[in-house]
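# Quick check, what structure comes out for this input:
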Amino acid sequence: MDILIISGAAFVVALLTFFSGFGLGTILTPVFMIFFPVDLAIALTGVVHFFNNIFKLILVGKQADKGTLLRFGIPAVVAAFVGAWLLLHIPDAQPLFDYHFLGRHFEVYPVKFIISILLIIFASMDLIPYFSRLQFGREKLPLGGALSGFFGGLSGNQGALRSAFLIKAGLSKEAFVGTAVVVSTFVDFTRLSVYATRFTKAGLIDNLNLVIIATIAAIAGAYLGNKLLKKVTLHFVQVTVAIMLIVLSVALGAGWI
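Next up, the predicted model:
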């Protein structure tokens with residue numbers, strides 16, 4: 001049953017997040033947590049996310065905008081290393097606040113709360129007509145890369161900030177998806193390399209079959225998403241990103257994920 005649920009979730013989420021450029025790791029981690037301890041859930045999700053990105057890199061990597069990759073990707077990778085290193089060396093942060101809802105206890109941490117506020121601002125810019133016509137200048141790309149990479153290394157939530165900046169960079173829908181995939185793959189490789197010391201005893205080998213099946217399911221979802229990309233407009237991609245940003249920001253700010 002766990003294989004069926006996790007693989008089904010991986011397929012659906014990989015399909016939906018192909019357009020937005022983020023969300024697979026964020027959404028899939030809580031699903032893994034239903035069946036596994038937190039450290040193992042993070043490790044399993046990281047492996048599925050990484051190999052799904054490798055597949056998407058083969059599909060659409062060549063469509064990435066090289067100038068954007070240099071301005072955005074290099075700061076993202078460097079900042080991801082810094083964020084991941086800090087995560088392993090700073091003491092556990094205290095919750096900003098906590099609350100009980102429907103018999104469950106939720107804790108909201110400072111980093112995720114800050115990210116949620118930033119995401120709401122960026123998402124609103126895509127849904128309000130005046131702001132939707134605005135674009136970030138190329139000079140803002142290094143800042144966006146550094147922010148998304150740093151928060152990715154620190155909290156694992158790098159994709160949403162990355163998409164929020166890239167969707168305003170004046171790219172075509174193909175270049176947006178391709179650039180997001182290339183940056184995501186390199187950031188994943190960077191932070192997973194730093195996290196590796198935590199994964200060695202997590203039990204990855206014992207759950208290898210589950211990882212393989214979930215990865216195949218995610219790849220199938222990404223493949224279908226790539227086929228559908230040819231039939232959608234840039235406006236659809238922008239609205240999809242904005243809606244997913246809002247949903248994710250509310251979930252982060254409320255401490256649900």
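# L147: which element?
Here L147, judged by DSSP states H and E, is contained in helix 141-155.
# Please read the previous query as pertaining to L4.
Short version: L4 belongs to helix 2-20, going by DSSP H and E.
# How about H105?
Going by DSSP H and E, H105 is part of strand 104-108.
# partners of that strand in the sheet?
In the sheet, strand 104-108 lines up against strand 97-101 (antiparallel) (DSSP bridges).
# Give the buried residues for the partner strand.
Using 16 or more other CB atoms under 10 Å as the test for burial, strand 97-101 gives no buried residues. For glycine as for every other residue, the C-beta is placed from the backbone atoms N, C-alpha and C.
# How about residues contacting it?
H105, F106, E107, V108, G255 (CB atoms under 8 Å, 6 or more residues apart in numbering).
# looking at this protein, which helix or strand is least sure?
helix 129-132 (a mean of 54; mean pLDDT, DSSP states H and E).
# Now do the residue lying farthest from the centre of the chain against S163, distance only.
Most distant residue from the mean C-alpha position of the chain: G103, 29.0 Å away (CA atoms, centre = their mean). For G103, the distance to S163 equals 34 Å [CB to CB, to the nearest Å].
# With L70 instead?
18 Å.
# what do you get for F176?
8 Å.
# Neighbour count for those two, which is higher?
S163 (33 against 28; other CB atoms under 10 Å).
# right, and the more buried one touches A180 too?
Yes - checked against CB atoms under 8 Å, the pair S163 and A180 is within contact range at 6.1 Å.
# For the stretch 51-200 of the chain, which segments are assigned as helices?
Ranges of helices in the stretch 51-200 of the chain, per DSSP state H, counting those that start in this stretch, are 66-68, 74-89, 110-127, 129-132, 141-155, 159-166, 173-199.
# buried set for the shortest one?
Of the residues in helix 66-68, T68 count as buried by neighbour count, 16+ other CB under 10 Å.
# For that helix, give me every contacting residue.
Here helix 66-68 has contacts from R138, L141, L166, A169, L171, A175, T179, using CB under 8 Å, 6+ apart.
# swap the cut-off to 7 Å and go again
Helix 66-68 is contacted by residues L141, A169, L171, T179 when judged by CB atoms under 7 Å, 6 or more residues apart in numbering.
# Of the residues you listed, which is the most crowded?
If you rank those by neighbour count (other CB under 10 Å), T179 sits at the top with 26 neighbours.
# returning to that earlier point: quick one: which of the contacts of strand 97-101 is most hemmed in?
So for the contacts of strand 97-101 (other CB under 10 Å), the most neighbours sit at G255, 21 neighbours.
# Give me the distance between that residue and H105.
9 Å.
# Tell me where the model's unsure across the stretch 51-200 of the chain.
In the predicted model, the stretch 51-200 of the chain carries pLDDT under 70 at residues 87-93, 111, 115, 118-119, 121-137, 155-160, 194-200.
# ok, now how distant is the nearest residue to N209 once chain neighbours are set aside from V48?
Closest residue to N209 apart from its sequence neighbours, by CB to CB, 6 or more residues apart in numbering: I3 at 7.7 Å. Look at I3 and V48: by CB to CB, they are 13 Å apart.
# more neighbours, those two?
Under the criterion of other CB under 10 Å, the comparison of I3 against V48 puts V48 first, with 29 against 14.
# list the buried ones in stretch 5-18?
Result for stretch 5-18 [16+ other CB under 10 Å]: buried residues I6, S7, A9, A10, F11, V13, A14, L15, L16, T17, F18.
# Can you lay out those as TSV showing distance to N53 and pLDDT?
TSV is the format used below for the buried residues of stretch 5-18 (distance: CB to CB, whole Å; pLDDT from 0 to 100):
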residue	distance to N53	pLDDT
I6	18	85
S7	18	86
A9	17	82
A10	13	85
F11	16	87
V13	13	76
A14	10	83
L15	15	83
L16	15	73
T17	11	71
F18	11	73
